[in-house]
Each structure stands twice: as structure tokens, then as C-alpha cells.
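[1] sequence below, structure please.
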Amino acid sequence: MLLAGQPNGLGRALLMLAGWVINLAAVEWALRRRPTKPTRSIQRRADAPAGALASH
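    Residues are numbered from 1 along each chain as shown. Purely as a prediction, here's the structure:
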């Protein structure tokens, strides 16, 4: 706003779209760089024999 003044309808819409795209890209980047180690409960169930899961 300091450089170009108050945006009009189309300019404001484009700035809002740019904000959404930047936010979406940042969230996607943060989620993808997170390590994906299985938790202990998931690991235990994966190692259990097939019949052991039927009792739960």
C-alpha cells in the first residue's frame, strides 16, 4: 500500500489470491519436511500376526 496506494477490486482480489497461494505453499512445505516415523502402536500392530488383530 505504501508503494502503489490502496488496491482496487481486481488488485485486491489478486493480492488475496497471492496470500492464499503463499500460505498453501508454506503449509505444504512444512508438512512434507516433517519426518514420518511410525508410532509405537502402529508399529506393534504391523508386527503382530494376522489372527491377533481380529480380537481387537
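[2] can you get me a residue count around residue 7?
    Residue 7 is flanked by 13 other residues according to other C-beta atoms under 10 Å. Placement of C-beta: from N, CA and C, glycine included.
[3] next: the one 5 residues further on.
    When counting by other C-beta under 10 Å, one arrives at 11 neighbours for residue 12.
[4] show the pLDDT at it.
    As predicted, residue 12 sits at a pLDDT of 89.
[5] any idea how far it is from residue 27?
    23 Å (C-beta to C-beta, to the nearest Å).
[6] and residue 13, what does it touch?
    Contacts for residue 13 were tallied using C-beta atoms under 8 Å, 6 or more residues apart in numbering; there are none.
[7] again with residue 3
    Counting by C-beta under 8 Å, 6+ apart, residue 3 has no contacts.
[8] and for the one 5 residues further on?
    For residue 8, no contacting residues are found, by C-beta under 8 Å, 6+ apart.
[9] same check, this time on residue 4
    Residue 4 is in contact with residue 11, counting by C-beta under 8 Å, 6+ apart.
[10] in what helix or strand does it lie?
    When elements are assigned from DSSP states H and E, residue 4 belongs to no helix and no strand.
[11] show the pLDDT at it.
    72.
[12] what about it, distance to residue 13?
    For residue 4, the distance to residue 13 - C-beta to C-beta - is 15 Å.
[13] likewise for residue 21?
    In terms of C-beta to C-beta, residue 21 sits 13 Å off from residue 13.
[14] repeat that for residue 35.
    Note on residue 35: its distance to residue 13, by C-beta to C-beta, is 38 Å.
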